[in-house]
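A.B. asks: Provided below are the primary sequence and the corresponding predicted coordinates.
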There are 2 protein chains.
Amino acid sequence: MSKADFDAIKSRRRSNQVTLGQVAKAAGVSPMTVSRALNHPDKVSDQTRHNVLESVKRLGYVPNLVAGSLASSRSSLIAVIVPSLSNSVFVEVIKGLQDTLENEGYQLLLGNTDYDLDREYELVRTFMGWSCSALIMAGLRHSEACHTLLANARQPIMEVMELGASLDLNVGLDHTAAGRCMAHHLVDRGYRHIVYVGARLSDDYRALMRYQGHREILERSGLEAPLVELETLGSLEAGALGLARVLSEYPATQAIHFANDDLGAGALLAAQRQGLRVPEDIAIAGFNGLALGQHITPRLTTIVSPRQAMGRLAGQELIRRLTGQRVHRKRHDVGFTLQPGEST
Amino acid sequence: MSKADFDAIKSRRRSNQVTLGQVAKAAGVSPMTVSRALNHPDKVSDQTRHNVLESVKRLGYVPNLVAGSLASSRSSLIAVIVPSLSNSVFVEVIKGLQDTLENEGYQLLLGNTDYDLDREYELVRTFMGWSCSALIMAGLRHSEACHTLLANARQPIMEVMELGASLDLNVGLDHTAAGRCMAHHLVDRGYRHIVYVGARLSDDYRALMRYQGHREILERSGLEAPLVELETLGSLEAGALGLARVLSEYPATQAIHFANDDLGAGALLAAQRQGLRVPEDIAIAGFNGLALGQHITPRLTTIVSPRQAMGRLAGQELIRRLTGQRVHRKRHDVGFTLQPGEST
DNA sequence: CTGAAAGCGCTAACAG
DNA sequence: CTGTTAGCGCTTTCAG
């Protein structure tokens, strides 16, 4: 039995992974030098670095990031917490984040709250336990416990999607204004009987904010602002259902303002199947600016939100912060654009 | 200056986070007991557990998972590596995985290869450094270096999407058979001039496998099997482009077999905008069974792949393995279903 | 530019 | 059921 074998048995090591120490021995240097060669290549002589890298490759060494992270109390992990992956909006934001953060050497820890604030709290707690370099959350609304946790966190917190009183960094858009914008458009087009259709508005409070903006404008014009609330979050299916409910509950309706494009497009396609003319019989508008809406005929009137750009900007601002650069503003409004189609 | 303050200065601790030791002191027990109370509540007396939990809450203790992971050489991290988030197929698989794995207390580390095998290798290496409990990868095709790494990994490897010679666990479907199935359908419907349209087939080799199945059937029927390859992966936009290219390059075409539903739906909607009748002027088929295809008129003929179910099954099988249960089979065929619409 | 010592915060293993 | 001891594999710190 070799000494190495003996040591392996004597020690508590469960994994037979190659360690930094073994690389060091193979390269004839100290562990510290290997660490430097790998993490701060410029702080080591060319010759040494070459030897070390050679040994690393030969032994198939894979650095133990857990150990590194514990020792340095830093990690290349960034937590991303979203309420859902079913809504493509969040997926696109994640994509934007990934674009910027993966290139900078960070890994994304993904959490899904399913619109449950208690679940969100648990995720934040868990992710903080991983010493994440930053926490990215969709939305500004958190449970009390979660808020406390976040407020005392040492790492930067980025809240995306909407704008408002954020804990730290904030990239998003003004959903109330977006709601107002679309309502204005509909009123300007001459519609008087306008229904807003959303889903689970107590959960999806950004859609609720848009409704509030919508109602504000309608009431200012002396119009009613009826609301139809669905059970299922955005899907084509739900949109068809929303259309049916509006037609039966508010038969005089001329235009429907849907909380998002999935619902809007679903309603538009359903209307066509039923032989309804859009916008003559019923006008339809959505929110988000998904590709789908621009490929159907008539094109869906919508408000384009720069989702992926939002993710990218959030990622970039976080990088600035993490690399110690000056962060000019904590809050970034990415804006939105009304995109009129032929559906209104 | 209190003793605690003095210790804090003397020690190397950078974070002022509450530690398990402090909780132990507050609860009047040893650190080990706190650890047990938290991780194996049943191995501790009710009274002790109560005291400990009380102190945990009072001090706002957040367990350091990095330290725990290093000490136990296990982690509640599971790596998920996909080639893209733009393709909703992967998003749905991730959703299925999340459904099962988050409930079991695992966190997902998400990596995106962007269809680059070298990038995949880097991600696998990094994720192995985090001592992930398992690695989930989309696809069976890896670089040589990556294959070596995976083959020597101690944690379970789950390869999803397609079926074949897997490293370890495998959940997916037979894409060649799916290609054959759709080709059969088209030939049976009487089409003789059929074009297959895919995008970046050298990257998206599952689409390539479907093409191979498609070609096999067409050639067996004495038909040509022309291929049109696009630059951009599945999108409605690209589908419209695909249609245009087919019409100009193969004017006699009667039916188009698209590599996925995004392309198919995009082409279908574009055809309608151009006043082409579907399927009379041009028949269109897709793959995946996305909701969109079933909401447009005519409904898109497609093959439904159980994406979310695939993710869930993969998650469940992994859990079985991780909890030491007997894994009956390493390979699971989730199958597919031809869903004829009116577009063919 | 390189090395030695001293932990990071937690848990496995053993002992009581 | 609870405590003691000895690390996990790496990096910080400080000294050369």
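C.D. replies: Looks like it arrived, so ask away. Every value quoted in this text rests on a predicted model; they were computed, and no experiment measured them.
A.B. asks: what sits closest to A:Ala37 if chain neighbours are left out?
C.D. replies: Closest residue to A:Ala37 in three dimensions, ignoring its sequence neighbours and counting by CB to CB, 6 or more residues apart in numbering or on different chains: A:Val52, at 3.9 Å. Heads up, the C-betas are built off the backbone N, CA and C, glycines and all.
A.B. asks: please read the previous query as pertaining to A:Val228.
C.D. replies: A:Val197 (4.7 Å).
A.B. asks: angles on the backbone of that neighbour, please.
C.D. replies: phi -120, psi 120 (degrees, to the nearest 10).
A.B. asks: now swap in A:Ala71 and tell me
C.D. replies: phi -70, psi -40.
A.B. asks: thinking again about what came up before, quick check, the residue nearest to A:Ala37 in contact with A:Leu20.
C.D. replies: No. Between A:Val52 and A:Leu20 there is no contact under CB atoms under 8 Å: 9.9 Å.
A.B. asks: shared neighbours of those two, anything?
C.D. replies: Here A:Val52 and A:Leu20 have A:Val34 as joint contacts, going by CB atoms under 8 Å, 6 or more residues apart in numbering or on different chains.
A.B. asks: those two: who's more crowded?
C.D. replies: When neighbours are counted by other CB atoms under 10 Å in any protein chain shown, A:Val52 and A:Leu20 differ, and A:Val52 comes out ahead with 26 against 20.
A.B. asks: and the more buried one, what element?
C.D. replies: helix A:46-59 (DSSP states H and E).
A.B. asks: please identify the buried residues of that helix?
C.D. replies: Within helix A:46-59, the residues that count as buried by 16 or more other CB atoms under 10 Å in any protein chain shown are A:48-49, A:51-53, A:55-56.
A.B. asks: what do you get for stretch A:220-234?
C.D. replies: For stretch A:220-234, by 16+ other CB under 10 Å, it's A:223, A:225-226, A:228-230, A:233-234.
A.B. asks: which positions in stretch A:308-325 come out as buried?
C.D. replies: A:308, A:310-319, A:321-322.
A.B. asks: do stretch A:58-74 as well
C.D. replies: Those would be A:61-70, A:73-74, for stretch A:58-74 by 16+ other CB under 10 Å.
A.B. asks: returning to what we had before: ok, the buried residues of stretch A:220-234 vs A:His147, which is closest?
C.D. replies: Lowest distance from A:His147 to the buried residues of stretch A:220-234 (CB to CB) belongs to A:Leu233, with 24.4 Å.
A.B. asks: rewinding a little: restricted to helices, list the buried residues of stretch A:58-74.
C.D. replies: A:65-70 (DSSP state H).
A.B. asks: save the residues you listed as CSV, and put in distance to chain B and pLDDT too.
C.D. replies: Below are those laid out as CSV (distance: CB to the nearest CB, whole Å; pLDDT from 0 to 100):
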residue, distance to chain B, pLDDT
A:Leu65, 4, 97
A:Val66, 5, 97
A:Ala67, 5, 96
A:Gly68, 8, 96
A:Ser69, 5, 96
A:Leu70, 5, 95
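A.B. asks: closest one of these to B:Leu269?
C.D. replies: Nearest member of these to B:Leu269, counting by CB to CB, is A:Leu65, at 46.4 Å.
A.B. asks: tell me the contacts of the residue nearest to that closest one when sequence neighbours are not counted?
C.D. replies: In space, not counting the residues next to it along the chain, A:Leu65 is nearest to B:Gly129; the distance is 3.9 Å by CB to CB, 6+ apart. Neighbour list for B:Gly129: A:62-66 [criterion: CB under 8 Å, 6+ apart].
A.B. asks: and with 10 Å instead?
C.D. replies: Counting by CB atoms under 10 Å, 6 or more residues apart in numbering or on different chains, B:Gly129 makes contact with A:17, A:62-69, A:76, A:107.
A.B. asks: cool, A:Arg215 as well?
C.D. replies: A:179-180, A:183, A:194, A:196, A:223-227.
A.B. asks: name the helix or strand for it, please.
C.D. replies: Here A:Arg215 sits within helix A:205-220, counting by DSSP H and E.
A.B. asks: in that helix, what's buried?
C.D. replies: A:205-215, A:217-218.
A.B. asks: A:Ser86 and A:Leu233 touch, don't they?
C.D. replies: Yes. Applying CB atoms under 10 Å, one finds A:Ser86 in contact with A:Leu233, separated by 6.6 Å.
A.B. asks: quick check: neighbours shared by these two?
C.D. replies: With CB under 10 Å, 6+ apart as the test, A:Ser86 and A:Leu233 both reach A:Asp262.
A.B. asks: what residues does the stretch 51-200 of chain A put near DNA strand C?
C.D. replies: By CB under 7 Å from any atom of the strand, the part of the stretch 51-200 of chain A that sits against DNA strand C consists of A:67, A:70-71, A:73.
A.B. asks: switch the buried residues of stretch A:308-325 over to JSON lines; also include pLDDT and secondary structure.
C.D. replies: Formatted as JSON lines, the buried residues of stretch A:308-325 follow (pLDDT from 0 to 100; DSSP: H, G, I helix; E, B strand; the rest coil):
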{"residue": "A:Gln308", "pLDDT": "91", "secondary structure": "helix"}
{"residue": "A:Met310", "pLDDT": "96", "secondary structure": "helix"}
{"residue": "A:Gly311", "pLDDT": "97", "secondary structure": "helix"}
{"residue": "A:Arg312", "pLDDT": "96", "secondary structure": "helix"}
{"residue": "A:Leu313", "pLDDT": "96", "secondary structure": "helix"}
{"residue": "A:Ala314", "pLDDT": "97", "secondary structure": "helix"}
{"residue": "A:Gly315", "pLDDT": "97", "secondary structure": "helix"}
{"residue": "A:Gln316", "pLDDT": "95", "secondary structure": "helix"}
{"residue": "A:Glu317", "pLDDT": "95", "secondary structure": "helix"}
{"residue": "A:Leu318", "pLDDT": "95", "secondary structure": "helix"}
{"residue": "A:Ile319", "pLDDT": "94", "secondary structure": "helix"}
{"residue": "A:Arg321", "pLDDT": "93", "secondary structure": "helix"}
{"residue": "A:Leu322", "pLDDT": "93", "secondary structure": "helix"}
